[in-house]
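Participant: Based on what follows, work out the 3D shape:
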Amino acid sequence: MTEAVFSAEEIERYARHIVLRGVGGPGQQKLKAARVLVIGAGGLGAPLLHYLAAAGVGHIGVVDDDIVALSNLQRQVLHGTQDIGRPKVESAAAAIARLNPHVKVTQHRARLDAGNARELVGAYDVVADGSDNFATRYIVSDACFYERRPLVTAAVGAFDGSLTVLRPYETNPSGEPNPTYRCLFPEAPPAGVAPSCEEIGVLGALTGILGAMMALEAMREIVGFGESLVGRLVLVDAWGMRFETLRYGWDAANPLNGTKAAAS
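Facilitator: This next block holds a predicted model:
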């Protein structure tokens, strides 16, 4: 990775990171040199993109095929009333440019699917998935496994959320493979069991909490400070304001790095 050179304006902009133990100048250089792909510029993606840009991540890719709607604005804080009808990737890029002109944004106005996932994922260093459906989450996590890219993934319900980090192409200290997304969720829930936010609603501030936590985990993956969330699932209960962290492990039956996959 090429060492990033900061201008005087950047040194002042990132001063609170540069003096921060665990980040410092070397960590800020890593952020500037990093390429992060964000899936979705909606409820989770909007705060995630905002904080990645503010932190000085040098190159951000945004994947979304949707346009800004009035009903989005209750939680998708990167967009404004004036952006209604505008492609979300375009609105996000404009907001990032206003916030931090040192960040390069690549707009991918497309729906991520099995046909384009690996090419998109492979062009970046870290992937953060803020999509709103299991089908996309499986596609993204599989692509990250094959392209050997760390994945930060989160989900929200009406008053709850979850967050984890995946690096299943690596092993843990005991030599066992790290878990995959399919170790955590072997199969998608039946139709209707996980209703959409259009059906049940979602607390706007909750997406802000989880989106900011996603940005924190992406920064942790880039800079290397603290304890990773690999093998740990954070659960957020906004109704009772409770946070819980559960550990989960590798499932030998999973189709990516399970025993049958390794033997094939």
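Participant: contacts and neighbour counts: CA atoms only from here.
Facilitator: Fine.
Participant: Quick one: residues contacting residue 159.
Facilitator: Contact partners of residue 159, counting by C-alpha atoms under 8 Å, 6 or more residues apart in numbering, are 202, 203, 206, 237, 238, 239.
Participant: now residue 226
Facilitator: 22, 220.
Participant: same thing but 10 Å
Facilitator: 22, 217, 220 (C-alpha atoms under 10 Å, 6 or more residues apart in numbering).
Participant: So which of the residues you listed wins on neighbours?
Facilitator: Per-residue neighbour counts (other C-alpha atoms under 10 Å) across the contacts of residue 226 peak at residue 217, which has 25 neighbours.
Participant: now the helix or strand harbouring it: mean pLDDT?
Facilitator: Secondary structure assignment for residue 217, by DSSP states H and E: helix 204-223. Computed over helix 204-223, the mean pLDDT rounds to 97.
Participant: OK, contacts around residue 167?
Facilitator: Counting by C-alpha under 10 Å, 6+ apart, the residues that residue 167 touches are 141, 144-145, 148-152, 177-181, 229-231.
Participant: Mind telling me the two of those residues farthest from one another?
Facilitator: Farthest pair in the contacts of residue 167 (C-alpha to C-alpha) is 152 and 177. Separation: 17.6 Å.
Participant: about what we covered before: from the contacts of residue 226, which is closest to residue 90?
Facilitator: Proximity to residue 90 was ranked across those by C-alpha to C-alpha; first place goes to residue 217, at 24.9 Å.
Participant: and the residue nearest the centre of the chain, what are its phi and psi?
Facilitator: When the chain is reduced to its mean C-alpha position, the closest residue under C-alpha atoms, centre = their mean turns out to be residue 128, at 2.0 Å. Torsion angles at residue 128 (phi, psi; degrees, to the nearest 10) stand at phi -130, psi 120.
Participant: That one contacts residue 217, correct?
Facilitator: Yes - counting by C-alpha atoms under 10 Å, residue 217 is a contact partner of residue 128 at 9.0 Å.
Participant: And the strands in the protein?
Facilitator: Assigned strands in the chain, in chain order: 35-39, 59-63, 104-108, 126-129, 151-156, 160-166, 232-237, 242-247 (criterion: DSSP state E).
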